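> Curious how this folds, go ahead:
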Amino acid sequence: MRIGIKILVAAGLAVVIGVTNVAPVKAHGGFPDTPPTPITIDGTVVTDNNKPAVNKTIMAWCSDTSHFAGPAATDAAGYFSINTNSEACPLGWDLAVVVYNENDSAIVEGVGHAIVHTQTTVNITLGKNNPTVPEYGWAGATISLAVGGSVIAVVRRRFTA
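Numbering: from 1, shown residues only. Purely as a prediction, here's the structure:
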């Protein structure tokens, strides 16, 4: 009976290995024959006084600097549209739409953020895209030290004999 069990286990392993090698899966989770999903990223770019930002270069960066779509340029109404697919910008990834200076592509004039969907709209107002977030500096450090020290003191006092 032991030989029968060994043959049965070996046959089961062969079936599992055979099935898993029949349909190899790509790294992004889709099957090899699945076509990429079309994605449209669009929106408008206006200046801080609500006038269209004309002829600005737009790039869409998806989660990191290795995945991008574009470039596109804004029209007379400040509108832009970038057509891409889920291989360039996978669905659900963070998206940063960057507005570059028309004379110098190294100068970033504005950034808008979104999550990639099949239709993603990002509207950007130049000069108002980077809100200031206060840093707590010495006040935050002092509060953190006081709270942390208090927690340690309470825990040590409660659980020591």
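> contacts and neighbour counts: CA atoms only from here.
Noted.
> Against T125, how distant is S144?
For S144, the distance to T125 (CA to CA, to the nearest Å) stands at 36 Å.
> and R156, what does it touch?
By CA atoms under 8 Å, 6 or more residues apart in numbering, the contact list for R156 is empty.
> Sticking with it, tell me its helix or strand.
helix 137-159 (DSSP states H and E).
> got the CA coordinates for that helix in CSV?
What follows is helix 137-159, C-alpha atoms only, in CSV (Å, rounded to 0.1, in the frame of the first residue of the first chain):
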residue,chain,number,x,y,z
GLY,A,137,10.1,71.7,14.6
TRP,A,138,11.1,72.2,18.2
ALA,A,139,7.5,72.1,19.5
GLY,A,140,6.8,68.7,17.9
ALA,A,141,10.1,67.3,19.2
THR,A,142,9.4,68.5,22.7
ILE,A,143,5.8,67.0,22.7
SER,A,144,7.1,63.7,21.2
LEU,A,145,9.8,63.4,23.9
ALA,A,146,7.4,64.2,26.7
VAL,A,147,4.7,61.8,25.5
GLY,A,148,7.2,59.0,24.8
GLY,A,149,8.9,59.5,28.2
SER,A,150,5.6,59.4,30.0
VAL,A,151,4.5,56.2,28.3
ILE,A,152,7.8,54.5,29.1
ALA,A,153,7.5,55.6,32.8
VAL,A,154,3.9,54.4,33.1
VAL,A,155,4.6,51.0,31.5
ARG,A,156,7.7,50.4,33.6
ARG,A,157,6.0,51.4,36.8
ARG,A,158,2.9,49.2,36.0
PHE,A,159,4.7,46.1,35.0
